[in-house]
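S.K.: this one's structure only:
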Ligand code: HEM
């Protein structure tokens, strides 16, 4: 996700030392009995993990034999939920009190970004309004209208990869930016695009303003009242400067589109549809402001997320040639001779994508094996709550350890194995024919904060995947050692780079055409699937193996 999201990270702040307390006592606050293990480590200064913290939290959870662990960062109580049942029971079933966001005083208040959807309080009526706008503009029905554009950009991505596989990240980033700017504002990006520069500048400022642990005001909000002229209040003057700049930057694409609409030259898009709805009603100034913030969230939400997932997909294909070939056979069955024919692909019927169940299984397995948001985004509890005998205080920051659930061997046997067969229609002899739960129910967040871009994200990913696999074969360089799969640490995560080879697909080397099982056409907007029953997590020795030290940062 765009670094604007870092404001949430900043809200709980990276501090090298913290007081770390595991809650064991029933219905008490902090009067916890000392004990040898699993009961209390009070006043002990612990270093919070800065690399792959999700693994450390999962290990702590195992060491203390409890899915719910808790610690303090300065004056903030943080609770990490490490099991499917804890996450479902709190963030979903008690969503009415678990859907707020932690407060970032520097970003939300001093820089004036408190209205951004990622940051706004769930109690603010604006949050509901944003969700309605995004549901309308990104739901299944709306996404269907964007398919030709998504297809065109996905074909361009595959062609770019073939031309220059060394620039994988650049190609994927360009694809994501091109799709989202067109969808949000009807704007076509160019090389060295000024709008992308605007978005990048806003992203950088947001990153600085939300830098974890940097701003004292995030922990002592009282100092926000210090006048900006006061000696030592440079941070506030800086914040005000950023506020003005961010306000200007967020106006740029909106005003550009307004100009296009006035001259009747605009392309139909998310914002234009909302500003000029069918039926000819006019929107109020207040509504237009909400639309502008919601459209701004599209670039922020889509930015790093789909990029991370597509990058992980490409690298996993290089590591798993059999999976790749099976997907290519399925695509060939659905698209016939269009496989590998770059020119024809642009004209092919995009709705065919729904007839690719194995590709969809790969998508799910990519999101499970290499989760984009290992810790989702932090939530905030709005009133005291009691859970399994623990008192969780109002204001606590709640973190869902999505990684722990998606690597729980009780839910996903052999969790460190990349195997799309987990989610594919059962046909393999060795497969036990039991479907494993759909990982998207965890990968896209929870409760009233669940990702509103889920359907759009899955569609853009599927289009990128089908275009890449119908034109390219991805592999490792000949005689290169098999690389160890490592992950980046951050709000979003992806598989770290290693050399890959991208070649045009060779149909003569390809297996004979097989028929693809037809799946039903995409349904109309439907509610998220029911969650699977929660299963306890068994101990898993691999879970405890820490990766080699890497560069990285942690948002906690
Ligand atoms: C693979 C792609 C994506 C993944 C894995 C993903 C995941 C997430 C997660 C984990 C959250 C936080 C949920 C929570 O707090 O419980 C989130 C929030 C959000 N996402 Fe996504 N996302 C993806 C793509 C997108 C796209 C394409 C868009 C928009 C076009 C988008 C827009 C948003 C917005 C606006 C929010 C904030 C919702 C709120 O706070 O109410 N996301 N996403």
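M.R.: On my side now, so go ahead. Quick caveat: nothing in here was measured; it's all calculated off a predicted structure.
S.K.: alpha carbons only for contacts and neighbour counts from here, please
M.R.: Will do.
S.K.: Next to the ligand in this structure, residues from the stretch 251-400 of the chain, please.
M.R.: Neighbours of the ligand within the stretch 251-400 of the chain, by CA under 6 Å from any ligand atom: 297-298, 301-302, 305-306, 309, 372-373, 376-378.
S.K.: now do the chain
M.R.: With CA under 6 Å from any ligand atom as the criterion, the chain meets the ligand at residues 117-118, 297-298, 301-302, 305-306, 309, 372-373, 376-378, 443-446, 449-454, 456-457.
S.K.: Going by secondary structure, residue 80 is in what exactly?
M.R.: Using DSSP states H and E, the element containing residue 80 is strand 76-81.
S.K.: residue contacts, residue 184?
M.R.: Residues near residue 184 by CA atoms under 8 Å, 6 or more residues apart in numbering: 269-271, 295, 298-299.
S.K.: Which member of the residues you listed is positioned nearest the ligand?
M.R.: residue 298 (4.2 Å; CA to the nearest ligand atom).
S.K.: surely the closest one meets residue 180?
M.R.: Yes - at 6.8 Å, residue 298 counts as touching residue 180 under the criterion of CA atoms under 8 Å.
S.K.: And those two? Which one has more around it.
M.R.: The neighbour comparison of residue 298 against residue 180 (other CA atoms under 10 Å) goes to residue 180, with 24 against 21.
S.K.: Residue 190: neighbour count?
M.R.: Quick note: residue 190 (other CA under 10 Å) scores 11 neighbours.
S.K.: cool, and residue 437?
M.R.: Applying other CA under 10 Å, we find 17 residues neighbouring residue 437.
S.K.: Okay, it and residue 365: tell me how far apart.
M.R.: Per CA to CA, to the nearest Å, residue 437 is found 11 Å from residue 365.
S.K.: Just the strands from the stretch 51-200 of the chain, written as ranges.
M.R.: Along the stretch 51-200 of the chain, the segments classed as strands by DSSP state E, counting those that start in this stretch run 68-73, 76-81.
S.K.: ugh, wrong one, the stretch 251-400 of the chain
M.R.: 379-380, 385-387, 390-392, 397-400.
S.K.: which stretch among those strands comes nearest residue 67?
M.R.: For residue 67, the closest of these is strand 397-400, at 10.5 Å, according to CA to CA.
S.K.: Centre of the chain to whatever helix or strand comes next after that closest one, how far?
M.R.: Per DSSP H and E, strand 397-400 leads on to helix 402-406 as the next helix or strand towards the C-terminus. Its chain's C-alpha centre and that of helix 402-406 lie 14 Å apart, by CA atoms, centre = their mean, to the nearest Å.
S.K.: what do you get for stretch 155-162?
M.R.: In this view, stretch 155-162 has its centroid 23 Å away from the chain centroid, taken as CA atoms, centre = their mean.
S.K.: Touching that stretch from outside, list them.
M.R.: Contacts for stretch 155-162 (CA under 8 Å, 6+ apart): 167-168, 171-172, 175, 342, 345-346, 464, 467-468, 471-472, 502-504.
S.K.: How about stretch 142-160, which residues are buried there?
M.R.: Going by neighbour count (16 or more other CA atoms under 10 Å), the buried part of stretch 142-160 is 142-144, 146-147, 150-160.
S.K.: what about it, average pLDDT?
M.R.: The average of the pLDDT scores along stretch 142-160 is 91.
S.K.: re the thing from before, just the closest of the contacts of residue 184 to residue 94, please.
M.R.: Checking the contacts of residue 184 against residue 94 by CA to CA gives residue 298 as the nearest, at 27.2 Å.
S.K.: so what's the closest one up against?
M.R.: Contacts of residue 298 (CA under 8 Å, 6+ apart): 180, 184.
S.K.: 6 Å instead?
M.R.: The contact partners of residue 298, taken as CA atoms under 6 Å, 6 or more residues apart in numbering, number zero.
S.K.: and stretch 131-147, how far out from the chain's middle?
M.R.: Chain-centre distance of stretch 131-147: 18 Å, with CA atoms, centre = their mean.
S.K.: what ranges do the helices span in the stretch 451-556 of the chain?
M.R.: According to DSSP state H, counting those that start in this stretch, the stretch 451-556 of the chain carries its helices in the segments 454-471.
S.K.: cool, the stretch 251-400 of the chain as well?
M.R.: 270-275, 285-319, 321-335, 342-345, 357-369.
S.K.: Deepest in the core, which of those helices is it.
M.R.: A comparison of the helices of the stretch 251-400 of the chain by mean neighbour count, using mean count of other CA atoms under 10 Å, puts helix 357-369 on top with a mean of 23.
S.K.: helices or strands next to it in the packing?
M.R.: The contact analysis (3 or more CA pairs under 6 Å, 6 or more residues apart in numbering; DSSP states H and E) places helix 357-369 against no helix or strand.
S.K.: what comes into contact with it?
M.R.: So helix 357-369 is in contact with 327, 406, 420, 423-424, 439, going by CA under 6 Å, 6+ apart.
S.K.: hmm, try it at 8 Å
M.R.: 309, 312-313, 316, 326-327, 330, 406-407, 415-425, 438-440, 443, 458, 461-462, 465-466, 517, 519.
S.K.: what angle separates it from helix 321-335?
M.R.: Per axes from the mean of the first three to the mean of the last three CA atoms, to 10 degrees, the angle that helix 357-369 makes with helix 321-335 is 140 degrees.
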